[in-house]
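**Student:** Okay, structure incoming, though there's no sequence with it:
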């Protein structure tokens, strides 16, 4: 079996890799029947020379590989027929912009194993960059807070060599003693966010105390869905029913906006769920929130101040609640929004290592051996015969352009 790590071809370039040199060397040692090569790239953060130094062969042509592994969508012209590919395809939710990509994958009889749907038997995701989205997004939230308040200035994460340098910048953060920060979400992203809050040694308080008490030090609270949603008819909240469908529920989050100086959004939001807060909510003069770090980044969705994604180069913009339009984020009454939608790219070296560790632990034993738990099978959107697999047969109408 021959595995090739492909170069990333998207624009703007993505500097991440699925496996670091040390991880490739581990594969070579643990799986003697796997020959691993790396396609030469001038883009990635980890240079060709580092792979060569680890004893990994760097090549330009990977057409003789059986399995090809990348990170982001592969350009249609670069797809090699009759291969097994692993990457984030962004197709399983019927994303219109990648319809042609999936059509090409079928035409070229490629087996697509999509990272985003790699799950265990309980349908729990096994791999992703969510942790580093939470880490970088929360750091960016504090960068935004310093700029909004004009009290301190952090170096952008993407200009730091690695996470160690980025976290060293946190020593510059100076918060007023009564600062309150609210965080939503308990998944990979939310836990990543907590790592930065804990690095800052912020005190955690429960939701009731956050709303009703004053403190002599900066504090944060992490909310679960039952802290800010309730049944519209006043009956008892059932989280499982809410996850199945948000219909018949309403948000109570506005009360946190009247208390919190910063909101860090790391939640998962379903299309049937009510908005967490609306544009009308933000018009209330009692709203205190000055910064929204929307790591979840659903555009014109549950976090009403997120009217567009921002970029790594320009991570901040302002939302004016009165005009409902973009404005100067340093103006009084304008909310400073951070809504970068590719946050792990800011720390490509660290994010790649974290992702590769998950690959080694959770995925590669099934990829290189017997797929006894069906991990690879469940995540294969297509097969080598140019067909959708039964689990993804629902994509047939999407492929035909029928919404």
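**Tutor:** On my side now, so go ahead. All figures in this text were calculated on a predicted structure; none of them were measured in a lab.

**Student:** do you know how far the closest residue to residue 203 other than its chain neighbours is from residue 190?
**Tutor:** Nearest non-adjacent residue to residue 203, counting by CB to CB, 6 or more residues apart in numbering: residue 219, 4.8 Å away. In this view, the C-beta of every residue, glycine as well, is placed from N, C-alpha and C. For residue 219, the distance to residue 190 equals 17 Å [CB to CB, to the nearest Å].

**Student:** who are the neighbours in contact with the residue nearest the centre of the chain?
**Tutor:** The residue lying closest to the centre of the chain (CA atoms, centre = their mean) is residue 130, at 4.1 Å. Residue 130 sits next to 187, 188, 189, 192 when contact means CB atoms under 8 Å, 6 or more residues apart in numbering.

**Student:** For the worst-scoring helix or strand of the chain on mean pLDDT, what is the distance to the chain centroid?
**Tutor:** One helix or strand of the chain scores below all others by mean pLDDT, DSSP states H and E: helix 239-244, with a mean of 89. Once both centres are worked out by CA atoms, centre = their mean, to the nearest Å, helix 239-244 turns out to sit 23 Å from its chain's centre.

**Student:** Who are the packing partners of that helix?
**Tutor:** Packed against helix 239-244 by the contact rule (3 or more CB pairs under 8 Å, 6 or more residues apart in numbering; DSSP states H and E) you find helix 225-228.

**Student:** Check which residues of the helix it packs on are buried.
**Tutor:** Using 16 or more other CB atoms under 10 Å as the test for burial, helix 225-228 gives 225, 227, 228.

**Student:** Including distance to residue 85 and pLDDT, could these go into a markdown table?
**Tutor:** Putting the buried residues of helix 225-228 into a markdown table (distance: CB to CB, whole Å; pLDDT from 0 to 100) gives the following:
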| residue | distance to residue 85 | pLDDT |
| --- | --- | --- |
| 225 | 35 | 94 |
| 227 | 41 | 95 |
| 228 | 40 | 96 |
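
**Student:** wouldn't the residue nearest to residue 203 be in contact with residue 204 here?
**Tutor:** Yes: with contact defined as CB atoms under 8 Å, residue 219 reaches residue 204; the gap is 7.1 Å.

**Student:** higher neighbour count, the two?
**Tutor:** residue 219 (23 against 14; other CB atoms under 10 Å).

**Student:** re the thing from before, and of the buried residues of helix 225-228, the nearest to residue 362?
**Tutor:** Closest approach to residue 362 among these (CB to CB): residue 225, at 26.4 Å.
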